[in-house]
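Colleague: One predicted model, sequence on top.
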Amino acid sequence: MKKTLFAALFAACAFVSSANAEKLRFGTEATFAPFEFTDKESNIIGYDVDIIKAIAEVEGFEVEIVNLPFDSLVPSVLTSQIDGAIAAMTITPERAKQVAFSDPYYKSGISAVIRKDDVEKYVSLDDLATQRLCAQIGSTGSNVATKISGKVGNYNTVPEEFMELNAKGCEAVINDRPVNLYFLKQMKEDAFVEIKELYNGEDYGIVVNKKNQELLKKINSGLAKIKANGKFKEIHVKWFKVEE
Ligand code: ARG
């Protein structure tokens with residue numbers, strides 16, 4: 001009897017707390033598999049989605065994921081259209097002047113993908129020095145492409161970059177390496193390959209408004225908790241099939 005009453009009270013509390021839980025809007029750009037992309041029913045899924053949901057769960061808030069163009073994420077946080085952004089976003093000094101970044105949660109780097117027919121032509125990134133390159137608007141990949149050749153076609157989405165590469169509108173796609181590798185793995189025929197040389201040393205962080213230090217604290221505390229309780233590792237294995 002006592003147990004049932006306790007269970008009922010607990011259920012009622014859980015109901016009240018979930019009904020009252022604050023719902024926060026996080027922006028992303030969902031053509032960046034495996035970090036954020038859409039399934040057949042147009043649900044936004046991926047590593048980042050699982051990470052922010054796991055943080056929300058341990059910190060007691062709810063999350064709504066909003067799909068936006070990548071280059072509008074920082075401005076949308078600044079104008080409070082969204083509470084934060086989780087979008088495989090590299091922590092850079094320029095961005096950190098505008099918005100606050102969480103502790104780093106993923107180590108990444110940039111790589112180039114070329115058409116398979118060109119493997120002998122483009123062996124290193126230097127070989128691309130005079131070529132037109134494809135990248136995502138506002139991304140660190142686009143900055144790297146500017147450094148390599150300065151001739152950059154910027155696109156809103158990753159599929160557009162690869163379509164352009166396929167159509168010979170550019171000679172290489174410059175993107176985050178895990179995204180390039182995931183894309184190559186998903187492709188049925190191996191029309192594209194990665195150049196072996198890399199730009200390494202990028203860390204992803206979750207973005208919030210600098211004015212919202214309370215949310216920043218919650219995110220960092222949530223990250224630490226999911227690292228400690230094994231959830232972080234579980235999400236990593238789910239999307240990358242290997243432990244970090
Ligand atoms: N890591 C790169 C950057 O921060 C690319 C991120 C693109 N993310 C996305 N969801 N499209 O610039």
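Modeller: Thanks, I have the structure now.

Colleague: What are the buried residues along whichever strand in the chain runs longest?
Modeller: Selection of the longest strand in the chain by residue count, based on DSSP state E, yields strand 106-115. Buried positions in strand 106-115, judged by neighbour count with 16 or more other CB atoms under 10 Å: 106, 108, 110-115. Any C-beta I mention is one placed from the backbone N, CA and C, and that applies to glycine too.

Colleague: Contact partners for residue 93?
Modeller: Counting by CB atoms under 8 Å, 6 or more residues apart in numbering, residue 93 touches no other residue.

Colleague: I should have written residue 179 there, sorry.
Modeller: Applying CB under 8 Å, 6+ apart as the definition, the contact partners of residue 179 turn out to be 32-35, 88, 158.

Colleague: So for whichever strand or helix holds it, mean pLDDT?
Modeller: Assigning secondary structure by DSSP states H and E places residue 179 in helix 177-186. In this model, helix 177-186 carries a mean pLDDT of 93.

Colleague: Kindly export that helix (C-alpha atoms) in CSV.
Modeller: What follows is helix 177-186 as a C-alpha-only set of coordinates in CSV (Å, rounded to 0.1, in the frame of the first residue of the first chain):
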residue,chain,number,x,y,z
ARG,A,177,36.5,14.8,-42.3
PRO,A,178,33.9,12.7,-40.4
VAL,A,179,31.2,14.1,-42.7
ASN,A,180,33.2,13.3,-45.8
LEU,A,181,34.0,9.8,-44.6
TYR,A,182,30.3,9.1,-43.7
PHE,A,183,29.2,10.4,-47.1
LEU,A,184,31.8,8.2,-49.0
LYS,A,185,30.6,5.2,-47.0
GLN,A,186,26.9,5.8,-47.8
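
Colleague: Does the ligand have contacts with it?
Modeller: No: no part of helix 177-186 sits close enough to the ligand to count as contact by CB under 6 Å from any ligand atom; the gap is at least 7.6 Å.

Colleague: same thing with stretch 31-45?
Modeller: Yes: part of stretch 31-45 sits near the ligand under the criterion CB under 6 Å from any ligand atom, namely 32, 36.

Colleague: mind listing what whichever helix or strand comes after the helix holding residue 179 pairs with, with the direction of each?
Modeller: On the C-terminal side of helix 177-186, the closest following helix or strand by DSSP H and E is strand 192-194. Sheet neighbours of strand 192-194, with direction, are listed as strand 106-115 (antiparallel) (DSSP bridges).

Colleague: quick revisit: now the buried residues of strand 106-115 in CSV, with pLDDT?
Modeller: CSV is the format used below for the buried residues of strand 106-115 (pLDDT from 0 to 100):
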residue, pLDDT
106, 97
108, 95
110, 95
111, 95
112, 97
113, 97
114, 97
115, 97
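
Colleague: tell me which of these is nearest to the ligand?
Modeller: In terms of CB to the nearest ligand atom, no member of the buried residues of strand 106-115 lies closer to the ligand than residue 108, at 6.2 Å.

Colleague: and the closest one, what is it in contact with?
Modeller: With CB under 8 Å, 6+ apart as the criterion, the residues that contact residue 108 are 88, 90, 176-178, 202-204.

Colleague: Residues in a beta bridge with it, which ones?
Modeller: Bridge pairing for residue 108 (DSSP bridges) gives the partners residue 202.

Colleague: is stretch 62-70 anywhere near the ligand?
Modeller: Yes: using CB under 6 Å from any ligand atom, stretch 62-70 reaches the ligand at residue 70.

Colleague: Show the backbone phi and psi for the residue nearest the centre of the chain.
Modeller: For the chain, the residue nearest the mean C-alpha position is residue 88 (2.2 Å; CA atoms, centre = their mean). Main-chain dihedrals, residue 88, degrees, to the nearest 10: phi 50, psi 40.

Colleague: The ligand versus that one, what's the distance?
Modeller: From residue 88 over to the ligand the distance is 4 Å, taken as CB to the nearest ligand atom, to the nearest Å.
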